[in-house]
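[1] sharing a sequence plus its predicted fold:
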Amino acid sequence: MKYDFDRVIERRGTDSVKYDILQPLFGREDLLPMWVADMDFAVPDFVQDAIIRRAEHGVYGYTVRPGRYNESIAGWISRRHGWNVDPGNIDFSPGVVPALVLSVLGYTEPGDRILVQSPVYFPFFSSIENHGRELVNNQLVDNEGVYSMDFDDLEEKFRSGIRMMMFCHPHNPVGRAWSMEELQRLAELAIQYDVLILSDEIHSDLLLFGHRHIPLASLGKEIAAQTITCIAPSKTFNLAGLHTSAVIIEDPVLKKKYEKILDDIHIGGGNIFGFVALEAAYNNGDAWLEQLLKYLEGNYKFTRDFLDTHLKGIRVSPLEATYLAWINFEMLGLEDKALMELVVKDAGLALVDGPRFGAGGAQYLRMNIAAPRSVIETALDQMLQAFQKKFPGMF
């Protein structure tokens with residue numbers, strides 16, 4: 001079956017975070033929103049059909065997660081990423097961000113030092129600082145938009161005493177799919193310095209241009225024993241509103257601690273339609289995902305080529321994974337606030353400003369390209385017109 005990713009679906013007026021809260025966030029309602037990381041594509045038909053069938057039953061009482069739920073997660077990970085996970089090692093979370101917070105609460109104490117690698121998904125910061133832990137940064141190295149880890153600095157920070165590392169894998173917003181060599185070096189250091197790794201792998205299915213995802217915990221028993229892996233179908237299949245995620249914990253002591261904090265705050269019940277959607281997606285979604293990835297590759301190429309042709313000097317980082325374009329606007333010579341004002345007020349676009357992602361984010365904006373190509377073209381045309389007016393003769 002061929003799926004249609006070109007279809008434009010009206011989302012305004014559906015209580016969409018992406019579309020319906022633009023006024024309080026950006027000061028205008030009439031923007032083209034390309035900020036929050038959900039897709040403008042309909043979920044696959046088999047997911048929609050599964051939800052409808054369950055809805056038709058008419059009784060939505062308290063529900064357990066059946067064994068086949070965990071089996072569908074394990075089967076997907078095995079097929080897509082070659083990692084054979086014991087279904088018994090899979091736990092629940094209503095989202096990956098809640099799983100980050102639960103892990104901070106369950107595995108660390110106030111005052112403990114937790115490391116991140118900025119520029120990075122900004123809820124990492126609040127998950128640490130809002131709970132009395134100390135944020136430590138191992139900033140990524142930006143080589144003209146191509147990012148790498150600073151392992152010398154990382155080892156120095158680990159040596160100084162780090163309890164936990166929040167690892168973005170693949171990385172949001174810089175689009176890296178970390179290589180085997182990089183992951184092996186990280187694992188070696190984590191084992192050597194006894195650092196617990198909280199691996200956010202929510203974008204792990206969205207690997208582009210021949211890149212592949214290597215789950216950190218798949219590298220061996222030692223690193224698996226000190227890794228908490230967080231995944232979800234929300235990015236892959238556009239199911240974020242169903243608040244259903246999975247947490248994989250191989251060490252039984254760590255698993256017991258996670259389950260205790262989950263039980264203590266009573267958020268382990270889950271969402272009946274989230275269970276149904278996850279199972280349908282993971283059992284039937286391979287062909288749909290392959291078509292989606294090709295479409296996203298086309299959107300990235302279109303974005304890159306448009307910038308290279310019409311907005312020379314504005315550079316988008318190579319996109320190995322995710323559907324989030326990380327774009328450098330340094331050549332404009334604008335301060336970050338002025339850059340955002342130009343994009344919002346003149347170009348009519350809602351993007352995410354780079355400084356929100358921490359150190360290394362200045363002069364960058366993040367643009368969500370998971371939309372019909374006609375929408376991407378409209379957004380880039382609006383950007384071009386605004387920039388030509390602001391900088392006559394530059395473009």
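    Cool, the structure landed.
[2] please count neighbours and contacts with C-alpha atoms only from this point.
    Will do.
[3] tell me the domain ranges of this structure?
    Domain ranges of the chain: 17-43+286-390, 46-284, per automatic domain parsing.
[4] turn those into CSV, including mean neighbour count and distance to residue 8.
    Below are these laid out as CSV (neighbours: other Cα atoms under 10 Å; distance: least, Cα to Cα, whole Å):
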stretch, mean neighbour count, distance to residue 8
domain 17-43+286-390, 19, 6
domain 46-284, 18, 15
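[5] so can I have TSV of the ones you listed showing distance to residue 7?
    As requested, the domains of the chain are exported to TSV (distance: least, Cα to Cα, whole Å):
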stretch	distance to residue 7
domain 17-43+286-390	6
domain 46-284	15
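[6] among the ones you listed, which comes closest to residue 3?
    Closest of those to residue 3 is domain 17-43+286-390, at 7.1 Å (criterion: Cα to Cα).
[7] out of the domains of the chain, which gets nearest to residue 4?
    Of the domains of the chain, nearest to residue 4 by Cα to Cα is domain 17-43+286-390, at 8.7 Å.
[8] from the chain's centre, how far out does that closest one sit?
    Chain-centre distance of domain 17-43+286-390: 15 Å, with Cα atoms, centre = their mean, to the nearest Å.
[9] quick one, strands of the stretch 101-250 of the chain?
    With DSSP state E, counting those that start in this stretch as the criterion, the stretch 101-250 of the chain has strands at 113-116, 134-137, 141-143, 146-148, 164-168, 196-200, 227-231, 245-249.
[10] now the fifth one: average pLDDT?
    Read it as strand 164-168. Across strand 164-168, pLDDT averages out at 98.
[11] which other helices and strands contact that strand?
    strand 113-116, strand 196-200 (3 or more Cα pairs under 8 Å, 6 or more residues apart in numbering; DSSP states H and E).
[12] mean pLDDT for the ones you listed - can I get that in a markdown table?
    Output for those, formatted as a markdown table (pLDDT from 0 to 100):
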| stretch | mean pLDDT |
| --- | --- |
| strand 113-116 | 98 |
| strand 196-200 | 98 |
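[13] any idea which of those gets closest to residue 338?
    So among those, strand 113-116 is nearest, using Cα to Cα, at 27.8 Å.
[14] list of residues touching that closest one?
    With Cα atoms under 8 Å, 6 or more residues apart in numbering as the test, strand 113-116 has contacts from 124, 128, 133-139, 161-167.
[15] could you redo the last one with a cut-off of 7 Å?
    For strand 113-116, contacts defined as Cα atoms under 7 Å, 6 or more residues apart in numbering pick out 133, 134, 135, 136, 137, 138, 162, 163, 164, 165, 166, 167.
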